[in-house]
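K.L.:
any chance you can model this:
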Amino acid sequence: MRHRRDARQAKIPARRRWTAAEKEILKRLYRTHSNAHLAQLVGRSIPAVTFQGYRLGLSKGIRRLKHMGRENVRKRWRRRRSE
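P.N.:
Next up is the predicted model:
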């Protein structure tokens, strides 16, 4: 019991619950938009968006996955060139 009391006394901020509107945005846009863009839209962190997408059973579309792969390759090559 002491553990719970310590957490309350430390005033750890409570996690905001996902609203129906936020979930609807994710369901509508998750396949075609980056998690970073979605996080900005709903005012959440990228890991929060990723986990909520997982909980809702959402997945990225094949076009989006290919695009993400190209983005990652470009970022890696830019880093190597600047080093």
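K.L.:
going forward, measure contacts between C-alpha atoms and count neighbours the same way
P.N.:
Will do.
K.L.:
ranges for the helices of the protein?
P.N.:
2-9, 20-29, 35-42, 46-55, 62-82 (DSSP state H).
K.L.:
make a markdown table out of those helices and add mean pLDDT and mean neighbour count.
P.N.:
Formatted as a markdown table, the helices of the chain follow (pLDDT from 0 to 100; neighbours: other CA atoms under 10 Å):
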| stretch | mean pLDDT | mean neighbour count |
| --- | --- | --- |
| helix 2-9 | 57 | 9 |
| helix 20-29 | 97 | 14 |
| helix 35-42 | 94 | 16 |
| helix 46-55 | 95 | 15 |
| helix 62-82 | 82 | 11 |
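K.L.:
outside of stretch 32-45, which residues touch it?
P.N.:
Stretch 32-45 has contacts (CA atoms under 8 Å, 6 or more residues apart in numbering) with 22, 25-26, 29-30, 46, 48-50, 60-61, 63-64.
K.L.:
again, but for stretch 61-70
P.N.:
With CA under 8 Å, 6+ apart as the contact definition, stretch 61-70 has outside contacts at 31-34.
K.L.:
closest one of the residues you listed to residue 12?
P.N.:
Checking the contacts of stretch 61-70 against residue 12 by CA to CA gives residue 34 as the nearest, at 29.6 Å.
K.L.:
the closest one and residue 70, how far apart?
P.N.:
13 Å (CA to CA, to the nearest Å).
K.L.:
over to residue 26?
P.N.:
As judged by CA to CA, residue 26 and residue 70 stand 23 Å apart.
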